[in-house]
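In: Provided below for reference: sequence and predicted model.
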Amino acid sequence: MREAGAPRGQGQSPRGTRALSQPQIILLTYVLSALELTCLFMHFSVLPYLSRRLGLDSVAFGYQQTLFGVLQLLGGPVFGRFADQRGARAAFTLSFLASSGLYLLLAAACSPALPGVTLLFASRLPGALMHTLPAAQMVLADLSAPEERPTALSRLGLCFGVGVIFGSLLGGTLSSSCGIQCPVIVALVVSLLGAVLSFTCIPTNTKGASDHAQPVPPGRTKASVFDLKAISRLLLQPGVLPVFLVKVISGFPSGLFTVMFSIISMDFFQLEAAQASYLMSFFGVLQMVIQGLVIGRLSSHFSEGALLRASVLVFSLVGLAMPVYPQRGHRQPADQGRVGLRHRDHVGPLCLRAAADANARAHPGRPPVPQLWSPCLWPRAVCGQLPSPPGPLEAAHTPEDRQNPMTAAPRHRLAINSIR
């Protein structure tokens, strides 16, 4: 009989370590999840730039991301069976060791002396065992009471937001200041630290004393980790298959956007790694606010089915509205590089630059106006290369033998301006 003060489902700890209480195990689970997600988004922030440096195009980058997703899909059920049979400690340790292998291969791909493309695709293979979030969900479901379980699981959204924010910021900042291999090495060290914490602090099994544990019937052998019948039997349980289908269907456009966002930010907007990481951090803030603050309050007023249908509807509307924005942006004059803006006067704080010419002959009787610097959020190629249209005084005082750079544009640019 379990003692009254003992935490439920805590299990055994390794020798030489003090057993953690139930709140401490739950807190450690959140910390490990945040560390894993931070490392994951650190490597996501530099992966497209590493692929481009190795000579891969957008199609090859999509192939390696597809390989990573397929391995995650195939390895998820196997990892779940392994976690049920071996316990939480083995699940967390295996996930962090697999992450360490991925970052080690990715760091080796950054070396010019090694076959970078081969190592880059080989680094996707350990992704089949990188399932820290499912392991964390298992621990939280085992150690929390049924009435507290939705709140405990919803806090993983905060961990996801923390991982997106700090992972993207660290990935972009470190790659810009210390090189593209620096975020990968930091992620490798943090993953090894997570493996040590998992092996020393997470209990062996959290299902032993839980109320919903399912013991093996007497006379029946324990199913193997790779038993496909036991895995497929899970989908036949009531209510599991609809949730699984909704998750897969709604996750397809989300994964497509996640993969293509890095390509769009790099090719279309010409953002560097640090700039793209700032934008991803903004997404992380929104994710953290919605998952941590909004969902918890909505779940107390609406049913889970209503929230699920509403989320799918909102996600579909956002996905349908995405193609509208690039169409608006491509209708603008190409010589000014505007994205979704019709006139330079309406830019406001986006790109504040001095419109006056520093040449004293451009404005007779007036001193030259110094060029003012201010933050510019336009793409680097637009803000640093394309000239501004001439003002009325500049056009009037420009010598005839000196051709203005705006009037010297190719014919296709003049044709675009004439349409407007």
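Out: Perfect, thanks for sending it.
In: contacting residues for residue 154?
Out: By C-beta atoms under 8 Å, 6 or more residues apart in numbering, the residues touching residue 154 are 291-292, 295-296, 299. Placement of C-beta: from N, CA and C, glycine included.
In: swap that for residue 288, sorry
Out: By C-beta under 8 Å, 6+ apart, the contact set of residue 288 is 157-158, 160-162, 164-165.
In: Could you identify the least confident member of the contacts of residue 154?
Out: Among those, residue 292 carries the weakest pLDDT, at 67.
In: Serialize the contacts of residue 154 to CSV and add fields for neighbour count and distance to residue 23.
Out: Formatted as CSV, these follow (neighbours: other C-beta atoms under 10 Å; distance: C-beta to C-beta, whole Å):
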residue, neighbour count, distance to residue 23
291, 18, 21
292, 18, 19
295, 15, 22
296, 14, 19
299, 15, 22
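In: how about these in TSV, adding distance to residue 250?
Out: Formatted as TSV, the contacts of residue 154 follow (distance: C-beta to C-beta, whole Å):
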residue	distance to residue 250
291	15
292	20
295	15
296	20
299	18
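In: Just the ones of these in helices?
Out: With DSSP state H as the criterion, helices contain 295-296, 299 from among the contacts of residue 154.
In: Go through the residues you listed and name the one nearest residue 255.
Out: Closest to residue 255 out of the ones in helices among the contacts of residue 154 is residue 295 (20.7 Å), distances taken as C-beta to C-beta.
In: Distance check, that closest one against residue 76.
Out: 23 Å (C-beta to C-beta, to the nearest Å).
In: Also residue 36?
Out: From residue 36 over to residue 76 the distance is 15 Å, taken as C-beta to C-beta.
In: So which of those two has more stuff around it?
Out: Each of residue 36 and residue 76 has its neighbours counted (other C-beta atoms under 10 Å); residue 36 has more, 27 against 16.
In: for the record, mean pLDDT for the helix or strand containing the more buried one?
Out: Per DSSP states H and E: residue 36 is located in helix 22-53. What helix 22-53 shows for mean pLDDT is 91.
In: Next secondary structure after that helix?
Out: helix 58-86.
In: buried sites along that following helix?
Out: 58, 60-61, 64-65, 68-69, 71-72, 75-84 (16 or more other C-beta atoms under 10 Å).
In: quick one: the residue nearest to residue 253 when sequence neighbours are not counted and residue 201, what's the gap?
Out: Leaving aside its chain neighbours, residue 253 sits nearest to residue 319 (5.2 Å; criterion: C-beta to C-beta, 6 or more residues apart in numbering). Remark: distance between residue 319 and residue 201 (C-beta to C-beta) = 41 Å.
In: higher neighbour count, the two?
Out: For residue 319 versus residue 201, neighbours defined as other C-beta under 10 Å are more numerous around residue 201 (21 against 14).
In: That one touches residue 27, doesn't it?
Out: No. With contact defined as C-beta atoms under 8 Å, residue 201 does not reach residue 27; the gap is 10.5 Å.
In: any low-confidence regions in the stretch 251-400 of the chain?
Out: 292, 322, 324-400 (pLDDT under 70).
In: which secondary structure element contains the residue nearest to residue 114 when sequence neighbours are not counted?
Out: In this structure, residue 114 finds its nearest non-sequential neighbour in residue 108, 5.4 Å apart by C-beta to C-beta, 6+ apart. For residue 108, the host element (DSSP H and E) is helix 88-109.
In: And the contacts of the helix or strand that that helix is followed by?
Out: As assigned by DSSP H and E, the chain's next helix or strand after helix 88-109 is helix 116-122. Residues from elsewhere that reach helix 116-122 (C-beta under 8 Å, 6+ apart): 50-51, 54-56, 64, 67, 105-106, 108-110.
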